[in-house]
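1. structure here, sequence nowhere to be found:
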């Protein structure tokens, strides 16, 4: 055979995927699924052990589905069976750091569904004329709080009904412990499990190619004796792949360890190569002359980090908390030690700068581990997870300057609850109204919902009641404090409401009183004339209530009027007077009032009459049944839960002298359907 023929025979028939470098069997299955090939399943559940390469496979496959990426790939040289047809790209909603509720509304928004309830999303998808394709990567990254088990909820509440919807073609990357549950919900033939650790889908050739490419100076590796010599490079790649088995992460860590710190590495000594993630940590530490436990203690805070990662400034504090000793020198000396396992992330300064003095300024650096499997390995090697989280939580709490949440690092403010949850301390912490207002409501709600209700104190139960409004509106800290202030008054927790006024917030109102009263159909403000000359009139509110409501009276006249309850406008007490004694302010008085209101079903806008500028807004978790505003700015609002009065404190914008008032009256007839009447608080469904 000629040399040319030998070279031709040695080359593969097709070029591998340039990003994945293998996975031919899996790519063929995914391409058949994408083109709806006869006999192909409608749902594919991709799974495997942590670090098996699920995310990389999904990423590489999506490159083949995205028109812009397809232009950059050598499609003509690749196996045609691995290349899906040129179709519109699938929807790829990311569950990372999202709750199951947030995720399903993300799907609804993507497809422009008009669903009013979560259950309606699947009904509307089922009614679509054309099938839709959805790819869900990284289900194991779901949830704003790691310890609450959001991936399982996502599978149960969203992916299973999504997979059961006949108009949905679904590909989901799911942890192995949840894969069978998702697949088991479908009839045979509609679903296929691709487990990347099984022989049918394992990719030893691709793993070898990945190692050989990563060691090649032509692709960025440093020039070393075992990287520049092709034979030595190939031998080392074979040894690394053999030791790693089917785990791509173990191979990646082995390569990074060697290339970042090659001193002391013997490429022919296979015992220096890891067979799993734990060995990758320990072998790297020993080769650098360090104690493996020291490396694990340096990385321990990152193994417990929430959200996008841990601020670099907190690493030393928390490493010392877990270790029980000062780790500052270990960290200073251990940057090369930790480098193969850590990924820095540059993030923009905290947008809600009013919440935190730390948030003002430039970008900040977060640190996170290269892969969740490293975190699992480190947590498993500690004497106790709860004990470590207790030390972390206490250190974070002590790091709040003057115990003032407005000055706290954004990470502490938003994620302390997650650490205290796993430490079993959340019920004890969750009595601080300042934390309630300043913390990210999505994260805080997720943590508190994981605590059994009987373990929560009344303030925490109030928070959970109002949390859906806080997450739905995505309101800033000041408005969160205002909504919480009213909720505390509604639940009789007056000291907590008062505390929010003492935290430095410029709250738009002070809640005067709240009465739990069902069936209120309307409210009106008015007054009782003073009995003595020179005395002030008594300001009151009248509630329209069902006949027979205790304490109600009917107005006397030519015809009996409706049943009414009379309540003092400024004090938490009913007034026992005949309804006909209550007088309505004159039209002139109403027209001269500085404020007016407009309302929709569940929002209300208070605006300045002189300028038409919005002064403040209110959104409710239940529809309004009535609202009125007294001339001196007391807002009375009724819902199915009861009636609440708020004194508006927000400053009224001054009107230009030439701008006349245009509104007349502040009754419920002021409710407007004009888009400008929106309070500007609507957010996505969270």
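-> Good, I have the coordinates. Keep in mind it's a predicted model, so treat the numbers as computed, not measured. Residues are numbered from 1 along each chain as shown.

2. give the helix, strand or coil label for the residue nearest in space to the middle of the chain.
-> Nearest residue to the geometric centre of the chain (Cα atoms, centre = their mean): residue 98, 3.9 Å. Secondary structure for residue 98, judged by DSSP: H, G, I helix; E, B strand; the rest coil, is coil.

3. show the contacting residues for the nearest residue in space to it that is not next to it in sequence.
-> Leaving aside its sequence neighbours, residue 98 sits nearest to residue 142 (Cβ to Cβ, 6 or more residues apart in numbering; 6.3 Å). In short, each C-beta sits where N, CA and C put it, glycine included. Applying Cβ atoms under 8 Å, 6 or more residues apart in numbering, we find residue 142 in contact with 95, 96, 97, 98, 99, 100, 103, 150, 151, 153, 154.

4. between those residues, which has the most around it?
-> Using other Cβ atoms under 10 Å as the neighbour criterion, residue 154 leads these with 29 neighbours.

5. quick check: which element contains it?
-> Applying DSSP states H and E as the criterion places residue 154 in helix 150-154.

6. what packs against that helix?
-> helix 100-110 (3 or more Cβ pairs under 8 Å, 6 or more residues apart in numbering; DSSP states H and E).

7. how near is the nearest residue to residue 429 once chain neighbours are set aside to residue 624?
-> In space, and not counting its chain neighbours, residue 429 is closest to residue 420: 4.9 Å by Cβ to Cβ, 6+ apart. Going from residue 420 to residue 624 by Cβ to Cβ, to the nearest Å gives 36 Å.

8. equivalent analysis for residue 300, please.
-> Taken as Cβ to Cβ, the span from residue 300 to residue 624 is 50 Å.

9. what segments of the stretch 1-150 of the chain are strands?
-> 43-47, 132-136 (DSSP state E, counting those that start in this stretch).

10. out of those strands, the one nearest residue 449 is which?
-> Taking Cβ to Cβ, strand 132-136 is the member of the strands of the stretch 1-150 of the chain nearest to residue 449, at 22.6 Å.

11. and the closest one, average pLDDT?
-> Strand 132-136 shows a mean pLDDT of 97.

12. which helices and strands sit right next to it?
-> Looks like strand 132-136 contacts helix 54-65, strand 168-173 (3+ Cβ pairs under 8 Å, 6+ apart).

13. one more time with 6 Å, if that's ok
-> strand 168-173 (3 or more Cβ pairs under 6 Å, 6 or more residues apart in numbering; DSSP states H and E).

14. which ones are touching the residue nearest to residue 25 when sequence neighbours are not counted?
-> Distances taken as Cβ to Cβ, 6+ apart place residue 201 nearest to residue 25, at 5.8 Å, with adjacent residues excluded. Going by Cβ atoms under 6 Å, 6 or more residues apart in numbering, residue 201 touches 25, 26, 194.

15. run a quick neighbour tally on the second one.
-> Right, the one you point to is residue 26. By other Cβ under 10 Å, the residues close to residue 26 number 25.

16. coming back round to it: so which of the contacts of residue 201 sit within helices?
-> 25, 26 (DSSP state H).

17. pipe the contacts of residue 201 into CSV and attach distance to residue 227 per row.
-> CSV is the format used below for the contacts of residue 201 (distance: Cβ to Cβ, whole Å):
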residue, distance to residue 227
25, 30
26, 29
194, 33
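
18. for residue 508, see how far away residue 264 is.
-> Counting by Cβ to Cβ - residue 264 and residue 508 are separated by 64 Å.

19. so between these two, which is more surrounded?
-> More neighbours surround residue 508 than the other of residue 264 and residue 508, with 20 against 10 (other Cβ under 10 Å).

20. and residue 343, how far from residue 368?
-> To residue 368, residue 343 is 6 Å away according to Cβ to Cβ.

21. out of the two, which sits in the busier spot?
-> Per other Cβ under 10 Å, whichever of residue 343 and residue 368 has more neighbours is residue 368, with 19 against 13.
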